[in-house]
Each structure stands twice: as structure tokens, then as C-alpha cells.
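**Q** I would like to see how this sequence folds:
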Amino acid sequence: MPELPEVETVRRMSAPHVVGRTIDRVELGDFPGVIETTLPGVPASWLTGRRIEAANRRGKFLLFPLDDGNTMVVHLRMTGRLLVMPPDAPTVRFELLRMALSSGEQLRFADQRKFGRVSIFTPEDVERLESRLGPEPLSSALTAHHLHAALQRRTGSIKGALLDQRLIAGLGNIYVDEALWETRIHPLTRANALALGDLDALLVAIRAILTAAIANQGTSFSTFENPYGEAGSNARNLKVYGRAKNAGACERCGTPLERIVVAGRGTTFCPNCQVLQARAEAE
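**A** Next up, the predicted model:
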């Protein structure tokens, strides 16, 4: 599933093509359910004729405020792709929706698994979304003290806690594994057992890893593409994620990496560098 760096890449690269443009026409493919709203009538009609005012991101969601006060929200989910294309470009594989823009370009949404959505949110819908999301990991508002306080009642694993979008918005399996390896924290470590210093180091690692991934336009394995249909190059920087199944060794100590399941997600770690042990409750 695309995570913060991938969604931010899509936002940055699509913004110059869509902001200030009017959606002249909306064409649906064979899955009308790709576009949805709580507003009455045909969902596509709420987009037609609307001007896109901005291109924002919140967690793993793309938000495009419209000139009528509503917001077009795009959630890529597992295999969604948001593409900017010329009008004469052939239909892309798994294309579900295209929007003709006043610039002459088209914004297209494709999704192999049909889990992704293009939604029209009212201001109230946006508020409800915001209430379900924690702070942004790259925001200075998120501090080790904030994280320490938020974890005090969490007795589950730190891996599971970091995947919870209510705690921190935008993190996913790839970058959580990478940050835990960087800070030598075992993914099964009890979330409320981490000391303030551990969490400070973890936040530093998360921010460095996300910033580098954004610079590399995200991590592509099979489906993620930027709006120009290009793969991200960050896979070459991954230290642990996905490497255990290929008999990968820890780049730090040479120990064979191991794979377990944590919070329902495949998790790769180094059993030598990331030892599961009791950690100080506080500093």
C-alpha cells in the first residue's frame, strides 16, 4: 500500500497540473463505485465544472479542495494510481476514471484491485477524516513527549502502534520496519515500555527515512507509480523490508534477517541488532 512518501510524491507531481484547473468532464469505466459521495444525485456530477483550488495531503489521503467548498479526496489504498496524461494517450491498464481538465490534460485513476476511491467530501466529512488521524510525522508538532504520553496505555507492540493512523498519520509497513531497524527496537517491544530517549531516536529515524523516500519519489515494488507513470527509486535504500524472504543479511552485523507477523503484517527485523527485552519505562 502506498504510504506517506508515495502519496506525497503524487501530490507534489500532480499539483502543477491540477491546481487552478477546472474539471470539464468526468468519464467512468466499468466500475462506477470508484467515485462516491454522501451528496445527493450522481457522484460524478458534483465534480463536473468544479475548479481544483489546491493539492494537499493528510496521512495517506490526497485532498483536492474544490471551488464549491467540497473536497475531492483520493485514497490509493493498495494498488491505486493517479496519473496525469495527455488527452490522446491510450487507456491505461485497470483505468477506472478519467477527468478532462481545462488545461487539456487528463487526470486518470487506475486500480487493479478496485479498493481505491475518488470521493467527494463535504466540509463535515473532512472534519470526520481529520478526527480519525493523528499528527503528521514530519510536523514539528509531533514530539517525543507527545508520543510518550500517547503510548502510555498501549500494551501492544510498538510496530502495531506505529501502524495505527490515529497515533501517527501516514506510516505503513515499509517505513515502520525501516525505522525500527535503524533504532535497534524489536517490533514486538511493548509500546508503553519505550523510554523518552528511545522515542526521540525513533522520531529522528522516521523523519530521516521518510524525507529520503520522498526525495526518491517513493518505493515501488509492483504497482506504485508517480503521476507520470514512473516508478520510485527508494527500494534501493531499504535495509530490511522485504529482504528476509531473499535470505538477506543485516547490513549492520551480517546476521540473517528474520520475518514474523506483527499486527497482521509481515515484519522483517534483525534478531541480533533488535533484541526483544524490557526497556525503561521513562527517563
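
**Q** ok, longest helix in the chain?
**A** In the chain, taking DSSP state H as the definition, the longest helix is helix 196-215.

**Q** any buried residues in the helix or strand that it is followed by, and which?
**A** Helices and strands here follow DSSP states H and E; after helix 196-215, the next one along the chain is strand 258-262. Of all the residues in strand 258-262, those buried under the rule 16 or more other C-beta atoms under 10 Å are Val262. From N, CA and C alone the C-beta is placed, and that goes for glycine too.

**Q** which elements pack onto strand 258-262?
**A** For strand 258-262, the packing partners by 3 or more C-beta pairs under 8 Å, 6 or more residues apart in numbering; DSSP states H and E come out as strand 265-269.

**Q** mind doing that once more with 6 Å?
**A** Strand 258-262 sits against no helix or strand, with contacts defined as 3 or more C-beta pairs under 6 Å, 6 or more residues apart in numbering; DSSP states H and E.

**Q** mind checking pLDDT for the nearest residue to Pro256 once chain neighbours are set aside?
**A** Closest residue to Pro256 apart from its sequence neighbours, by C-beta to C-beta, 6 or more residues apart in numbering: Ala249 at 5.5 Å. Here, the pLDDT recorded for Ala249 equals 96.

**Q** separation between Ala249 and Lys239?
**A** From Ala249 across to Lys239, the span is 11 Å (C-beta to C-beta, to the nearest Å).

**Q** of these two, who's got more company?
**A** Applying other C-beta atoms under 10 Å to Ala249 and Lys239 shows that Lys239 carries more neighbours, namely 17 against 13.

**Q** would you mind measuring from that one to Thr189?
**A** Note on Lys239: its distance to Thr189, by C-beta to C-beta, is 18 Å.

**Q** can you check Gly229 too?
**A** Separation of Gly229 from Thr189 (C-beta to C-beta): 40 Å.

**Q** ditto for Val92
**A** Applying C-beta to C-beta, the value for Val92 to Thr189 is 43 Å.

**Q** same deal with Arg50?
**A** On the measure of C-beta to C-beta, Arg50 and Thr189 end up 47 Å apart.

**Q** how about low-confidence regions in this protein?
**A** Counting by pLDDT under 70, the chain contains low-confidence ranges at 222, 278-283.

**Q** please enumerate the strands of it.
**A** 23-28, 35-37, 56-58, 61-65, 71-75, 80-85, 95-101, 106-111, 117-121, 258-262, 265-269 (DSSP state E).

**Q** so which of the ones you listed gets nearest Pro5?
**A** Nearest of the strands of the chain to Pro5, taken as C-beta to C-beta: strand 56-58 at 10.5 Å.

**Q** now stretch 72-84, how far from the centre of its chain.
**A** Here stretch 72-84 is found 10 Å from its chain centre; the criterion is C-alpha atoms, centre = their mean, to the nearest Å.

**Q** and that stretch, C-alpha only, in PDB?
**A** Output in PDB follows, covering the C-alpha atoms of stretch 72-84 (Å, rounded to 0.1, in the frame of the first residue of the first chain):
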ATOM      1  CA  MET A  72     -12.100  15.600  -3.800                       C
ATOM      2  CA  VAL A  73     -10.400  13.000  -1.700                       C
ATOM      3  CA  VAL A  74      -8.300  10.300  -3.300                       C
ATOM      4  CA  HIS A  75      -7.300   7.200  -1.400                       C
ATOM      5  CA  LEU A  76      -4.900   5.000  -3.400                       C
ATOM      6  CA  ARG A  77      -5.300   2.100  -1.000                       C
ATOM      7  CA  MET A  78      -3.300  -0.900  -2.200                       C
ATOM      8  CA  THR A  79      -2.900  -0.600  -6.000                       C
ATOM      9  CA  GLY A  80      -4.400   2.800  -6.900                       C
ATOM     10  CA  ARG A  81      -2.600   5.100  -9.400                       C
ATOM     11  CA  LEU A  82      -3.400   8.800 -10.100                       C
ATOM     12  CA  LEU A  83      -1.900   9.700 -13.400                       C
ATOM     13  CA  VAL A  84      -1.600  13.000 -15.400                       C
END
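
**Q** what about the nearest residue to Arg184 once chain neighbours are set aside, how many neighbours?
**A** Among residues not flanking Arg184 along the chain, Cys273 sits closest, at 5.1 Å (C-beta to C-beta, 6+ apart). By other C-beta under 10 Å, 19 other residues sit near Cys273.

**Q** so Cys273 versus Ile185, what's the distance?
**A** Relative to Ile185, and taking C-beta to C-beta, Cys273 is found at 10 Å.
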